[in-house]
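Q: Provided below for reference: sequence and predicted model.
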Amino acid sequence: MIYWYERAADQEDMLAKYQLGRIYGTDGFGKRDHELALMWYRLAAKQGDARAQYRLGTYYSQGFFSKESYFFLALTVGARTYLNE
């Protein structure tokens, strides 16, 4: 299954990138790797996937930081505010 998600991600499929982030971030198929999860979430988030932006914000709030951390953390806070209305 990962093979097909990777092929779709190579074709710029935003959903595939998000799903790869989930697989690597949640130990799907015994493949937990936070660095790969962050990479896939970043790629999906840059294409506008709100779920990936939220997941990145969650990672960053738990101490996984990069240059983009505060941007996605702010998006996450905005998403939570929007979802709670």
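A: Arrived safely, thanks for sending. This structure is a prediction, so every number in the text was calculated from the model and none was measured.

Q: from here on, just use CA atoms for contacts and neighbour counts.
A: Will do.

Q: which stretches in this protein count as helices?
A: Counting by DSSP state H, the chain has helices at residues 2-10, 14-25, 34-46, 50-61, 69-84.

Q: so the residue nearest the centre of the chain versus T26, what's the distance?
A: The residue lying closest to the centre of the chain (CA atoms, centre = their mean) is Y41, at 2.3 Å. Distance of Y41 to T26, computed by CA to CA, to the nearest Å: 12 Å.

Q: can you check A52 too?
A: Taking CA to CA as the measure, A52 falls 13 Å from T26.

Q: more neighbours: these two, which one.
A: The residue with more neighbours, out of A52 and T26, is A52; 29 against 15, by other CA atoms under 10 Å.

Q: where does the prediction get shaky in this structure?
A: 65-85 (pLDDT under 70).

Q: and the closest residue to R55 other than its chain neighbours, how far is that from Q11?
A: Residue nearest to R55 in three dimensions, not counting chain neighbours: Y41, with 7.2 Å by CA to CA, 6 or more residues apart in numbering. In this view, Y41 and Q11 are 16 Å apart by CA to CA.

Q: and for G21?
A: For G21, the distance to Q11 - CA to CA - is 16 Å.

Q: okay, these two: which has more neighbours?
A: Set G21 next to Q11 and count neighbours by other CA under 10 Å: G21 wins out with 28 against 10.

Q: so the more buried one sits against E35, correct?
A: No - counting by CA atoms under 8 Å, G21 stays clear of E35, with 9.4 Å between them.

Q: who touches both of these two?
A: With contacts defined as CA atoms under 8 Å, 6 or more residues apart in numbering, no residue is adjacent to both G21 and E35.

Q: okay, buried residues for stretch 54-66 please.
A: 54-60 (16 or more other CA atoms under 10 Å).

Q: convert stretch 31-49 to CSV, retaining C-alpha atoms only.
A: In CSV, the C-alpha atoms belonging to stretch 31-49 read as follows (Å, rounded to 0.1, in the frame of the first residue of the first chain):
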residue,chain,number,x,y,z
LYS,A,31,6.8,2.0,9.8
ARG,A,32,6.8,4.7,12.5
ASP,A,33,9.3,7.4,11.5
HIS,A,34,8.6,10.9,12.7
GLU,A,35,11.0,12.6,10.3
LEU,A,36,9.3,11.0,7.3
ALA,A,37,5.9,11.8,8.8
LEU,A,38,6.9,15.5,9.1
MET,A,39,8.2,15.5,5.6
TRP,A,40,5.0,14.2,4.1
TYR,A,41,2.8,16.4,6.2
ARG,A,42,4.8,19.4,5.2
LEU,A,43,4.5,18.6,1.5
ALA,A,44,0.7,18.1,1.9
ALA,A,45,0.3,21.2,4.0
LYS,A,46,2.1,23.3,1.4
GLN,A,47,-0.5,22.2,-1.1
GLY,A,48,-3.2,23.4,1.3
ASP,A,49,-4.3,20.2,3.1
